[in-house]
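sequence first, predicted coordinates after that:
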Amino acid sequence: MTKRTLHFGLRVTDLDRAVAFYVALGYEVLGTVPETAFGSLTMIKLPDDDFVTIELVHNPDDPPAAIGSDLNHVVIQVPDMAATLASLAEAGITADGPTSPDGSADFLTTWIADPDGHRIELVQWPPGHADGITIADMQG
């Protein structure tokens, strides 16, 4: 059996607002588990993912999580930064202006925040780059 990360749970204070945000970002809701020891769980994934990648955890009885105390940020790959930013703007989601870590026009990153303040980095890889960070990226 191969080990792999399945998904992570992200605490949210307003489930409807969080679902609307992540749907505007392109996620699909696969289903919910209404009552657990943690609260209600809403399972979401991006259209091209085979599996759930984020579990939105909502328990109105819990105090809001201290943002940045445990989770620094989430990174999402986008195929076209300009089109993504235009779509987000139409949904009322603002983003920082994109920058390029290597100075090129086709490797771009930017930042947004979800309704609870969780930081999300959007990444457009240059053509031919793997769909994620690999050992090649670490070898400068």
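Arrived safely.

who touches the worst-scoring helix or strand of the chain on mean pLDDT?
In the chain, the helix or strand scored least confidently by mean pLDDT, DSSP states H and E is helix 135-138, which has a mean of 82. The contact list for helix 135-138 (CB atoms under 8 Å, 6 or more residues apart in numbering) reads Ala130. No exception for glycine: its C-beta is placed from N, CA and C like everyone else's.

centre of the chain versus that helix, how much separation?
Distance, stretch centre to chain centre, for helix 135-138: 22 Å (CA atoms, centre = their mean, to the nearest Å).

tell me how the chain divides into domains.
1-60, 72-140 (automatic domain parsing).

dump the ones you listed to JSON lines, plus distance to Ala66.
Formatted as JSON lines, the domains of the chain follow (distance: least, CB to CB, whole Å):
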{"stretch": "domain 1-60", "distance to Ala66": "10"}
{"stretch": "domain 72-140", "distance to Ala66": "10"}
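
how about those in CSV, adding mean neighbour count?
Putting these into CSV (neighbours: other CB atoms under 10 Å) gives the following:
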stretch, mean neighbour count
domain 1-60, 15
domain 72-140, 13
